[in-house]
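Participant: Kindly return the folded structure for what I paste below:
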Amino acid sequence: MQLNSATQSNKEVDVEIKTPGEWETLNFNFAQYNAITDFGEVRLVFNPNTAAAGESWCIDNLTQSLETVDPCADAVPNVLIIEDHECQHNYVTAYGDVNDVKTINNPHPTSDNPSLKVCEYVDPANAPFAGFGYEFAQPVDLSVYNQLQMKVWSPNPNVPFLFKLEGGAASAVEIWDTLDLSNTWHTFNIDFSAHVGTPHKKLYLFFNAANDGGATYLVDDIKWGRQAYNGCFLDFETPASTKNFNYFAQGPTFNQPFQVVDNPLKGGINTSDKVGKFVKPADGEEFTGMFTDLDAPVDLTGLKQMHAKVLMDHIGPFTFKVEQDKSGANPPFGWTEIPVTNTKIGEWETLTADFSVAPDGARYYRFTVFFDWQMLGNGVSDVISYFDDVVIGDGECGFVSTWHPLPVEPMVISPNPVSTTLRVDNFRDVSRLEVVNAFGQQVMAVNTNLDLKVDLDVSALPAGVYMLAGYNPKGLLLGNAKFIKQ
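Facilitator: Numbers count the residues shown, from 1 in each chain. The predicted structure is shown next:
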């Protein structure tokens, strides 16, 4: 669209049509030209700089309004989210009764699903295996994110659902589950972890499977999650085993972010390259600590213990804490915190916390640590401590664990800096690429199907510095590279 000014010439804004063959609302934002007051013409140019002879276009409802903000304008695609009916529309509803699927305002917003938009699916009558599905550009990588999650509101209780992966060389995978309660939001968590390595590209969802339909269901937040955290939880060596922590009760003068740093005392029981750094400010409070919110619960169903390696220059209590229960218990389970005091100064030491007092059935989504718990800062200087290799339940981290059996090599990428497409060349055995921003947050993940050359569309990423990591089908880090998005 062009606006013509007698004094300032043409000012134009381009908008790309994304749904050809359908009516689409286009918004042209001319806010940057609001100082110009003599616009006299509005000109529409279709497919500019292209001849496109014979193409026809339809327009309607050309209106002027105040500047508005698209709530999804800066949304970065998260490939783990299949569909949330708001800003994450990452795959096309490609199979089944797609005409019976539409996005509507959420008629039942609750604490279990406060979303503004949801999907309405009308299950047709006399169709025992009616449903809909999605197709993915690459086979689904189940090595880490193998829990299919979906929220459903059903008008009827005891409804059988069938979740099916197919479209690969291996046999199709079918998992059944039942929605027990009606007229409430129910979250399915379908475990596909037993099917790692089955290269399927299609997901089908069957409602009231094997029975005649005729009901209307609400669906939301279809996504891939990971299993509950157990075993090696944090070792700060890969994006999958690193979390971004947030400090609290730091005191009035200290305001620094959490840092992953080089191991200051590499050797003995801890030969890791990277560790977590904790700062107790000189004026820190009794409960200076830091927490990380998790994308899956802490698993304390087996051996109720936690272990961590700590490096301290003094004797003091290190405390493990789990909180933010989302088990659905009413009321929710309270937090559990276990302090353990170190016995060694100036060397790495493994501390073990007994969580046998933690309630059965709790699903904690926040992990918190404290150094010098219930102790004020010393009033003189900041005290720096380090922690590493946090293990939940049984298992261990380190070079002999499943995290580090292969050497990590630099990946070949181009161009760098990049604006739109980043090419990753000649890297064998990589089945999954992940992009992490400067804050340690995963912003993109792509299944490569073990291709030697992969083009990543990074055009939607904000400008900044990013880390690219490549993993094999077992989730092991093989290579990484740093790139700059312009």
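Participant: Averaging pLDDT per element, find the lowest-scoring helix or strand in this structure.
Facilitator: None of the helices or strands of the chain scores lower by mean pLDDT, DSSP states H and E than strand 93-96, at a mean of 70.
Participant: neighbouring strands for that one, and are they parallel or not?
Facilitator: With DSSP bridges as the test, strand 93-96 is paired with strand 131-135 (antiparallel).
Participant: now the strand it pairs with, how far from the chain's geometric center?
Facilitator: 22 Å (C-alpha atoms, centre = their mean, to the nearest Å).
Participant: Name the residues of that strand that are buried.
Facilitator: If you call a residue buried by 16 or more other C-beta atoms under 10 Å, then strand 131-135 has these buried ones: 131-134. Placement of C-beta: from N, CA and C, glycine included.
Participant: could you say what helices and strands the helix or strand that the least confident helix or strand of the chain is followed by packs with?
Facilitator: Going down the chain from strand 93-96, the next helix or strand is strand 101-105, by DSSP states H and E. Counting contacts by 3 or more C-beta pairs under 8 Å, 6 or more residues apart in numbering; DSSP states H and E, strand 101-105 is packed against strand 117-122.
Participant: Nearest spatial neighbour of Pro249, chain-adjacent residues omitted?
Facilitator: Not Pro; residue 249 is Ala. Leaving aside its chain neighbours, Ala249 sits nearest to Glu285 (4.1 Å; criterion: C-beta to C-beta, 6 or more residues apart in numbering).
Participant: pretty sure the one you found contacts Thr253?
Facilitator: No - using C-beta atoms under 8 Å, Glu285 is not in contact with Thr253; the gap is 11.8 Å.
Participant: Looking at these two, which one has more neighbours?
Facilitator: Using other C-beta atoms under 10 Å as the criterion, Glu285 and Thr253 rank with Glu285 on top: 17 against 11.
Participant: Okay, now the unreliable bits of the stretch 251-400 of the chain?
Facilitator: Along the stretch 251-400 of the chain, the model assigns pLDDT under 70 to residues 398-400.
Participant: Can you give me the distance of Gln64 to Asp293?
Facilitator: From Gln64 over to Asp293 the distance is 43 Å, taken as C-beta to C-beta, to the nearest Å.
Participant: just Met1 next, same as before
Facilitator: As judged by C-beta to C-beta, Met1 and Asp293 stand 43 Å apart.
Participant: rewinding a little: which residues sit against the least confident helix or strand of the chain?
Facilitator: With C-beta atoms under 8 Å, 6 or more residues apart in numbering as the test, strand 93-96 has contacts from 83, 101, 130-135, 202, 204-205.
Participant: what would those residues look like in JSON lines with distance to Thr93 and pLDDT?
Facilitator: Shown next, in JSON lines, are those (distance: C-beta to C-beta, whole Å; pLDDT from 0 to 100):
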{"residue": "Glu83", "distance to Thr93": "8", "pLDDT": "93"}
{"residue": "Val101", "distance to Thr93": "6", "pLDDT": "88"}
{"residue": "Ala130", "distance to Thr93": "14", "pLDDT": "89"}
{"residue": "Gly131", "distance to Thr93": "11", "pLDDT": "91"}
{"residue": "Phe132", "distance to Thr93": "6", "pLDDT": "92"}
{"residue": "Gly133", "distance to Thr93": "7", "pLDDT": "92"}
{"residue": "Tyr134", "distance to Thr93": "6", "pLDDT": "92"}
{"residue": "Glu135", "distance to Thr93": "9", "pLDDT": "90"}
{"residue": "Lys202", "distance to Thr93": "12", "pLDDT": "93"}
{"residue": "Tyr204", "distance to Thr93": "11", "pLDDT": "94"}
{"residue": "Leu205", "distance to Thr93": "10", "pLDDT": "95"}
